[in-house]
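Asks: Provided below are the primary sequence and the corresponding predicted coordinates.
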Amino acid sequence: MRFRIVCATSLLCLATVSCVSAPPVARRTPIVLTQDRVQDIRAMIGKGAFLEALQETAYHERTGAAGTSAADIAALRSEAVSAAYAAFSAAVAAGKLPEAWSLYNSLACIGETDRLADWSRTKLLDALVKSFEAANQKSLALLLAFHALSEPDAGEAQCLEVLSKAESLSDRGIGRRVIEIMRKKGISVPPEADAFFSENAGFEKMLSGTVTIWVDKGIKIEKGMGYPERVIGSGFFVDAAGYLLTNYHVIQSEVDPKYEGFSRLYLRLSGTTGDRIPAKVVGYDPVLDLALIKAEMVPGYVFSGAGAVPVLPGDKIFAIGSPVGLEKTLTSGIVSALDRRFLELGDAIQVDVPVNPGNSGGPLLTEKGELKGIVFAGLEQYEGINFAVSYTWIEKVLPRLYLGGKVNYGWMGTALTETDGGLEILYTVPGEPAEKAGLAEGDVVEAVGGIKVLTLRDIQSAFMDFTAPSLLKITVKRGDKRMEVLLCLSPRPDQPVEACLERDSRDDVIYPLFGMKLDRMSGGPGDAEYVIRRVIRGSVADESGFSVDDPVSIKGWVVDREKNYALLQLYVKKKKSGFLESVIQIATYLATDSFL
């Protein structure tokens, strides 16, 4: 399936390159807690890896491996907890409240907040809100204050305060959600606030909150001729201080370390003629194709979708953007489908709203002006099949975009699949948290942080609330046994599959990538013969007609990192074809959504 990224940008043809897997990293065998290992863990704590040390002590407590000393484990755990307390205090003293927030939640995960009696989640959230207000990031402060209303001790005073802030910022999205919360709690809503948030701003007003994004990439020379090269996209304001959202692929040349050419970012306001306002990238997220940019100006309108009820198929929606540079273009349509799994994390909304190159980064709205998503792509050569990132995911990552730089996601280093028995682990990446914690193929993940997970969407949503490093407990079922496993999340690689290819054998990586488990029967790397032992339902292998017990041999293996795909050529005797011999070539994207 080929996507049209809806911004005006040139397409380059890239040559396919073959790739040979690096020598595999040895998988970790159960570690005995020798005195040498005790010293290694102490060294980890001293270097600031105290959360990783806590994961390992929890592993030894759970497994009780031979040689494990309860006294040694208790001592190491106490040292690691003390180091975490010290890091929390240092982060608070230095005003690094997002770091303090993450540390507090990690300590709460293991029931170790006794020495933080002066702090609570509510107090930390309040401190975060005040810090963002002081930094003139008032919309972000309002978003956090709104989410703080879900804390058990949030009452009428907090609701009225958030409602007042929403009114001062004309944020009807959050205001309406606060009123819903107040009514559910039986709290009286001030009539004037009720009237204000019941009004719709109107699309004419909303147009003033959108911009055309220009990325000037200088002069491109082709066949001796030079012509201006530029990328055109759309954007919209999410903060009265001049912060806007757009797509990462629109501004990629501004932040991509691999790009070595000229790049300058500008925006043009709706209704202006020729004026280009310089802007800068604040934060960006290649996974969800998002970027937060900043311009020194006061917008005419600020969009909001915080806590909004998700759209449903058939709902009427609108898009605003600058297709082929035609600013202030408003188009309408319906939601065609939900949960399209085209992203490595999260999912997309399919819409039939007409979008074209230049629409990338524009808002997807309801008739009331509530933000439901951000337009990012369409299918080439097909009209009416277009996609947007749901605001459900945007809202989770927005605070991290404000922090600046590339968004940090935590991961445990597994590939999972949805089965009738639950979320099953197909594969663990050597050297990553899941493998270090003793998780293995066949384990079923039932809950994350006490919240039940049944689908990839469920577990991705749960994990997106955590950065790395962070402690997280998951409930795992192995056979008839359930266990709680403590993980210290590590940073998610830019390309999870590439990390696997660098650390593991090709044969092992084929399983999570193509969905078939191979059992080598004979031969060496060049002429090995295999039998398929399992085919994952809905996988590339399944859709290509492979079956359990089919004999195969690998004739070709190509990984194209530039075009982001892997190709596998197999000699096979399919049971379904009466064991007739054939050569089959199958391919899959490296950017798969099964890795977490």
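Replies: That came through, no problem.

Asks: mind checking how far Pro493 is from Arg561?
Replies: Counting by C-beta to C-beta, to the nearest Å, the gap between Pro493 and Arg561 amounts to 13 Å. Every C-beta, even on glycine, is put in place using the N, C-alpha and C of the backbone.

Asks: at which residues are the strands of the stretch 101-250 of the chain located?
Replies: Taking DSSP state E, counting those that start in this stretch as the test, the strands found in the stretch 101-250 of the chain are 210-222, 225-239, 243-246.

Asks: show the average pLDDT along the longest one.
Replies: Looking back up the chat, that one is strand 225-239. Here strand 225-239 scores 88 as its mean pLDDT.

Asks: go on, stretch 420-440?
Replies: When pLDDT is averaged over stretch 420-440, the result is 94.

Asks: list the buried residues in that stretch.
Replies: For stretch 420-440, burial by neighbour count (16 or more other C-beta atoms under 10 Å) applies to 422-439.

Asks: domain assignment for this protein?
Replies: As given by automatic domain parsing, the domain ranges for the chain are 3-10+205-405, 35-119, 123-199, 408-491, 505-589.

Asks: between those, which gets nearest to Leu596?
Replies: domain 408-491 (5.8 Å; C-beta to C-beta).

Asks: got the end-to-end distance for the closest one?
Replies: 7 Å (C-alpha to C-alpha, to the nearest Å).

Asks: quick one: low-confidence parts of the stretch 401-550 of the chain?
Replies: Low-confidence segments of the stretch 401-550 of the chain, defined by pLDDT under 70: 523-527.

Asks: show me where it has helices.
Replies: Remark: helices assigned in the stretch 401-550 of the chain by DSSP state H, counting those that start in this stretch are 433-436, 456-463, 496-503, 506-514, 540-543.

Asks: I'd like the strands of the stretch 101-250 of the chain as TSV, with distance to Ile349 and mean neighbour count appended.
Replies: Converted to TSV, the strands of the stretch 101-250 of the chain look like this (distance: least, C-beta to C-beta, whole Å; neighbours: other C-beta atoms under 10 Å):
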stretch	distance to Ile349	mean neighbour count
strand 210-222	19	19
strand 225-239	16	21
strand 243-246	16	26
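
Asks: which intervals of the chain have sub-threshold pLDDT?
Replies: For the chain, the stretches with pLDDT under 70 are 1-31, 65-68, 271-274, 308, 379-381, 523-527, 576-579.

Asks: Val497 is nearest to which of the domains of the chain?
Replies: It is, among the domains of the chain and with distance given as C-beta to C-beta, domain 505-589, at 6.2 Å.

Asks: pull the distance from that closest one to the chain's centre.
Replies: How far domain 505-589 lies from its chain's middle: 29 Å, per C-alpha atoms, centre = their mean, to the nearest Å.

Asks: cool, stretch 107-114 as well?
Replies: 26 Å.

Asks: give me the buried positions along it.
Replies: By neighbour count on 16+ other C-beta under 10 Å, the buried set for stretch 107-114 is 107, 109-110, 112-113.

Asks: any chance of these in TSV, with distance to Lys477 too?
Replies: Below are the buried residues of stretch 107-114 laid out as TSV (distance: C-beta to C-beta, whole Å):
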residue	distance to Lys477
Leu107	27
Cys109	20
Ile110	22
Glu112	26
Thr113	29
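
Asks: narrow these to those in helices?
Replies: Within the buried residues of stretch 107-114, residues falling in helices by DSSP state H are 107, 109.

Asks: of the buried residues of stretch 107-114, closest to Gln585?
Replies: For these, the residue nearest Gln585 by C-beta to C-beta is Cys109; the value is 46.2 Å.

Asks: state the distance from the closest one to Phe463.
Replies: According to C-beta to C-beta, Cys109 stands 14 Å off from Phe463.

Asks: if we can go back for a sec, can I get the strands of the stretch 101-250 of the chain in TSV with distance to Glu151?
Replies: Formatted as TSV, the strands of the stretch 101-250 of the chain follow (distance: least, C-beta to C-beta, whole Å):
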stretch	distance to Glu151
strand 210-222	34
strand 225-239	24
strand 243-246	26
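
Asks: need the domains of the chain in TSV (columns: distance to Leu596).
Replies: Conversion of the domains of the chain to TSV gives the following (distance: least, C-beta to C-beta, whole Å):
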stretch	distance to Leu596
domain 3-10+205-405	8
domain 35-119	17
domain 123-199	23
domain 408-491	6
domain 505-589	11
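
Asks: so which of the ones you listed comes closest to Glu498?
Replies: domain 505-589 (6.8 Å).

Asks: show the end-to-end separation of stretch 411-422, please.
Replies: Terminal residues of stretch 411-422 lie 19 Å apart, using C-alpha to C-alpha.

Asks: ditto for stretch 433-450
Replies: The straight-line separation of the ends of stretch 433-450 (C-alpha to C-alpha) is 19 Å.
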